[in-house]
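Colleague: Got a sequence here, can you model it:
(4 chains)
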Protein chains: 2
Amino acid sequence: MSNILDVALKARVSIATVSRVVNKSLHKVNRETRERVLAAISELDYRPNALAKGLLMKKTMTIGIIIPDISNPYYAEIVRGIQDVADREGYAVTLHNTDNRQEGIIRYIYLLREKAADGIIFSGGIINGQETLSVLKELREKVVVIGRHDVDFPAVMVDNVGGMTQAVEHLIEIGHRRIGFIGGPDGSTTALDRLTGFREAVTGGGLTYSPRLVKKGTWNPESGYLLGTRLLKARCRPTAIIAANDQMAFGAIKAAKELGLTVPGDLAVVGFDNIPLSSYFNPSLTTVEIPMHDLGAAAMEMLLNLISKESFEKSRLFETALRIRGSTAKA
Amino acid sequence: MSNILDVALKARVSIATVSRVVNKSLHKVNRETRERVLAAISELDYRPNALAKGLLMKKTMTIGIIIPDISNPYYAEIVRGIQDVADREGYAVTLHNTDNRQEGIIRYIYLLREKAADGIIFSGGIINGQETLSVLKELREKVVVIGRHDVDFPAVMVDNVGGMTQAVEHLIEIGHRRIGFIGGPDGSTTALDRLTGFREAVTGGGLTYSPRLVKKGTWNPESGYLLGTRLLKARCRPTAIIAANDQMAFGAIKAAKELGLTVPGDLAVVGFDNIPLSSYFNPSLTTVEIPMHDLGAAAMEMLLNLISKESFEKSRLFETALRIRGSTAKA
DNA sequence: AGACTCGTGGAAAAGGTTTACCATTCAGCC
DNA sequence: GGCTGAATGGTAAACCTTTTCCACGAGTCT
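Modeller: Okay, the predicted model is just below:
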């Protein structure tokens, strides 16, 4: 691997001049000389060593993403949004899956510091991360969080409460009176917000909020299936179920089907997120759309501002949109 | 951010000793001294700077992944497999989406070289990457590829031909005689293998291979929907459709449904990959399972061998498994 | 002629680490 | 008292870059 000195020798100039050419410095370089340098660079296939550069400049053009699990389409979509912006701006991205383990999170934070990442985007995960987040705070890292507002980092938020209200109002409008809810796990602020939205909308809509119709899952289809089965086997079966994400909604539909119920005939189901496959599901899933890609992109933009201009944008809020499809019908 | 000298001063030892402690060197360090150093480290929250270390040791403990698109569940699952192994071994992973653009690929290869990544895992993408791959070759990077065998890098392979044979034989067995095929795009070796497997199995099973029953899509549900519609609207409609991946199978099922056909009653559908949601689909999707997570994990293991022991493992082959579910039934 | 600008060279610092080499110290031992 | 071995210090090189400072030569302008 050739270095800057090799280039300088080959072009018969000094390393200072090579650097001037490479970094398009303000110092003028004679056109002829520049071309000689450029030729040497291309001949030697020279690239400045990013480690050395990073060490000196205290800038690595790398950021880290910490999420629970990339194989979850929700996070995959967010990561894609982050990457599209990062890539455009010349940043590389390292990815870290926590599976919601706290030690993992802390380990990654330290790892990213060792590697001198320019910033971190943090999404998902459970609340007792307070300790974790204070570690972040101490390290004075540039951090943007997605989907939580319980910490004072710049945040990209989704109107989960509003979205859930849309879902509930839709069901009420088409005549449902007993609505089951499959929520997310305790400790997740997203889960909490969606539950809150559900409760408020239910009571606001003139129904009674019944804790027996509310279950807490773990975001995956299996738990939707399990809890859906439980809801549907109860004495007083709901005529509609809202799941706090699409995967659990899929599980609930499977449960209904296995119990001989048709969707939306016997049971209406509403999801949340609008993951890419949900419109292809059968029946196509009525769901509350979250602009996941934009969430990621916005997070990266905020992080860039934080890094470069030091401008501190407190938060950005994204609205949801109800997508009414085939999984809901009149009660 | 404190450095090794700060620690040395605080512990009243030399930087040599600190380094001996940190790197568990063979040199003996007195227990008392070691503890003093450790105390200083924890007090100062010291971490060796990975950039400096990488620069000196020519080892960054970072590898790069180049794939078409992380929001595709197939790649997300593979990436997860890679990461699980990488993480266990202390490697960080940078992710790069190409969207199948060649310039992107080449840019990322150079980027990874600049950053002195210890290796690259390459999956997906189209064949005219020959140029791309020769760039890789020149750079003498440590590379492992997943899902292609047309280049002489260590490769993790899937028996696509065998898998497709399983799918065809299953359909023939339950009485189907006209089988449509929705393949992947030209240029993809995976698509080619799956098509080859289809053709061979069809003729091997005593049916005639009809090019009119074969369409080429782009892996996404939209193209499955489009081509499924086209197949089903043709004069001589197939009684079964095999899609080269699950997403396109979902699209085909949607097409069937919109044309008033029931699955599996009027049309049997088989997918490929077994992405996480396919068993929750309705009807649950009969598909050829690929151990995506293991593919990723194996690729990372091979890369580690390449990096450390310099052992060159030519390739690893994974078998598929037919998952018979609700989307196929007797003709 | 003297002053000035332009393009470039040369040298050095800084960033933080590992490692190699040698020197030194101290304790224990013959 | 002198030797040995263990533990540690001190120093320097190496990794590669950017940037700064100063100098210098050649040409240009007044």
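Colleague: To what extent is A:Ser279 buried, counted in neighbours?
Modeller: By the other Cβ atoms under 10 Å in any protein chain shown criterion, the neighbourhood of A:Ser279 contains 17 residues. Quick note: C-beta positions are derived from backbone N, CA and C, even for glycine.
Colleague: Quick check: phi and psi on it?
Modeller: Phi and psi for A:Ser279, reported as degrees, to the nearest 10, are phi -80, psi -10.
Colleague: what's the answer for A:Leu5, then?
Modeller: phi -70, psi -40.
Colleague: What of A:Ala321?
Modeller: According to degrees, to the nearest 10, A:Ala321 has phi -140, psi 130.
Colleague: got the CA coordinates for the stretch of helix or strand A:Val85 belongs to in CSV?
Modeller: Take DSSP states H and E as the rule and A:Val85 turns out to sit in helix A:73-88. The C-alpha coordinates for helix A:73-88 follow below in CSV (Å, rounded to 0.1, in the frame of the first residue of the first chain):
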residue,chain,number,x,y,z
PRO,A,73,-37.9,-5.0,9.3
TYR,A,74,-38.7,-1.9,11.3
TYR,A,75,-35.1,-1.3,12.3
ALA,A,76,-33.9,-2.4,8.9
GLU,A,77,-35.9,0.3,7.3
ILE,A,78,-34.7,2.9,9.7
VAL,A,79,-31.1,1.8,9.2
ARG,A,80,-31.6,2.2,5.5
GLY,A,81,-32.8,5.7,6.0
ILE,A,82,-29.8,6.5,8.1
GLN,A,83,-27.4,5.0,5.6
ASP,A,84,-28.8,6.8,2.7
VAL,A,85,-28.0,10.2,4.3
ALA,A,86,-24.8,9.0,5.8
ASP,A,87,-23.6,7.7,2.5
ARG,A,88,-24.5,10.9,0.6
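Colleague: What helices and strands are in contact with the helix or strand just after it?
Modeller: Using DSSP H and E, the helix or strand that follows helix A:73-88 in sequence is strand A:92-97. On a contact count with 3 or more Cβ pairs under 8 Å, 6 or more residues apart in numbering or on different chains; DSSP states H and E, strand A:92-97 meets strand A:62-67, helix A:73-88, helix A:102-114, helix B:73-88, strand B:92-97.
Colleague: Tell me which residues of the third one come out buried.
Modeller: The one in question is helix A:102-114. Going by neighbour count (16 or more other Cβ atoms under 10 Å in any protein chain shown), the buried part of helix A:102-114 is A:104-106, A:108-109, A:111-114.
Colleague: Let me know whether that helix sits next to DNA strand C.
Modeller: No. Helix A:102-114 lies apart from DNA strand C when judged by Cβ under 7 Å from any atom of the strand; the minimum separation is 8.7 Å.
Colleague: Do any residues in that helix lie close to chain B?
Modeller: Yes. If you take Cβ under 8 Å from any Cβ of the partner chain as the test, helix A:102-114 does meet chain B, through A:110-111, A:113-114.
Colleague: And the pLDDT at A:Lys233?
Modeller: In this model, A:Lys233 is scored at 96, pLDDT.
Colleague: Name the nearest residue to A:Arg34, ignoring sequence neighbours.
Modeller: Setting aside the residues directly before and after it, A:Arg34 is nearest to A:Val21 in space (Cβ to Cβ, 6 or more residues apart in numbering or on different chains), at 5.3 Å.
Colleague: can you give me the helices in chain A?
Modeller: Remark: helices assigned in chain A by DSSP state H are A:4-11, A:15-22, A:31-44, A:50-57, A:73-88, A:102-114, A:130-139, A:160-173, A:189-204, A:221-233, A:246-258, A:292-308.
Colleague: Most tightly packed of those?
Modeller: helix A:246-258 (a mean of 26; mean count of other Cβ atoms under 10 Å in any protein chain shown).
Colleague: show me what contacts A:Gly104?
Modeller: A:96-98 (Cβ atoms under 8 Å, 6 or more residues apart in numbering or on different chains).
Colleague: How much space separates it from DNA strand C?
Modeller: Distance from A:Gly104 to DNA strand C, counting by Cβ to the nearest atom of the strand, to the nearest Å: 23 Å.
Colleague: swap in A:Ile78?
Modeller: 33 Å.
Colleague: ok, now which ones touch the closest residue to that residue other than its chain neighbours?
Modeller: Using Cβ to Cβ, 6+ apart and skipping the chain neighbours, the partner closest in space to A:Ile78 is A:Gly296 (4.0 Å). By Cβ under 8 Å, 6+ apart, the residues touching A:Gly296 are A:77-85, A:121, A:146.
Colleague: Now the closest residue to A:Asn100 other than its chain neighbours. Its backbone dihedrals?
Modeller: Excluding its sequence neighbours, the residue lying closest to A:Asn100 (Cβ to Cβ, 6+ apart) is A:Pro68, at 5.3 Å. Torsion angles at A:Pro68 (phi, psi; degrees, to the nearest 10) stand at phi -70, psi -40.
Colleague: Give the burial count for A:Pro68, as a bare number.
Modeller: 21.
Colleague: before we move on, back to that, okay if I get the contacts of A:Gly104 as JSON lines plus distance to B:Gly175?
Modeller: Listed next are the contacts of A:Gly104 as JSON lines, based on distance: Cβ to Cβ, whole Å:
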{"residue": "A:His96", "distance to B:Gly175": "50"}
{"residue": "A:Asn97", "distance to B:Gly175": "44"}
{"residue": "A:Thr98", "distance to B:Gly175": "49"}
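Colleague: now for the contacts of A:Gly296, which pair is the farthest apart?
Modeller: A:Asp84 and A:Ile146 (14.8 Å; Cβ to Cβ).
Colleague: ok, back up a step: and the contacts of A:Gly296, which is closest to DNA strand C?
Modeller: For the contacts of A:Gly296, the closest approach to DNA strand C (Cβ to the nearest atom of the strand) belongs to A:Ile121, at 24.5 Å.
Colleague: for the closest one, what are its contacts?
Modeller: With Cβ under 8 Å, 6+ apart, A:Ile121 has these contacts: A:63-66, A:82, A:143-146, A:296, A:299-300, A:303.
Colleague: and the two most separated of those residues?
Modeller: The span of the contacts of A:Ile121, defined through Cβ to Cβ, is set by A:Val143 and A:Gly296 at 14.9 Å.
Colleague: burial count for A:His149?
Modeller: Number of residues near A:His149 (other Cβ under 10 Å) recorded here: 15.
Colleague: Quick check: residues of chain A near DNA strand C?
Modeller: A:12-17, A:27-30, A:32-34, A:52, A:55-56.
Colleague: mind redoing it with 10 Å?
Modeller: A:4, A:8-9, A:11-21, A:25, A:27-37, A:49, A:51-58, A:114, A:116 (Cβ under 10 Å from any atom of the strand).
Colleague: Of those residues, which are in range of DNA strand D?
Modeller: Within the residues of chain A next to DNA strand C, those near DNA strand D by Cβ under 10 Å from any atom of the strand are A:4, A:8, A:14-21, A:25, A:27, A:49, A:51-57.
Colleague: Contact partners for the nearest residue to A:Ala52 once chain neighbours are set aside?
Modeller: Distances taken as Cβ to Cβ, 6+ apart place B:Leu55 nearest to A:Ala52, at 5.6 Å, with adjacent residues excluded. Contacts of B:Leu55 were listed using Cβ under 8 Å, 6+ apart, and they are A:49, A:51-52, A:55.
Colleague: Mind doing that once more with 10 Å?
Modeller: Counting by Cβ atoms under 10 Å, 6 or more residues apart in numbering or on different chains, B:Leu55 touches A:49-55, B:49, B:116.
Colleague: Please name the residues that touch whatever residue of the stretch 151-300 of chain A ends up closest to DNA strand D.
Modeller: Here the residue of the stretch 151-300 of chain A nearest DNA strand D is A:Met300; by Cβ to the nearest atom of the strand that distance is 24.0 Å. Residues near A:Met300 by Cβ under 10 Å, 6+ apart: A:63, A:65, A:81-89, A:91, A:93, A:119, A:121, A:144, A:156.
Colleague: Specify which member of the contacts of A:Gly104 is nearest to A:Ile307.
Modeller: Distances from A:Ile307 to these, taken as Cβ to Cβ, are shortest for A:His96 (18.8 Å).
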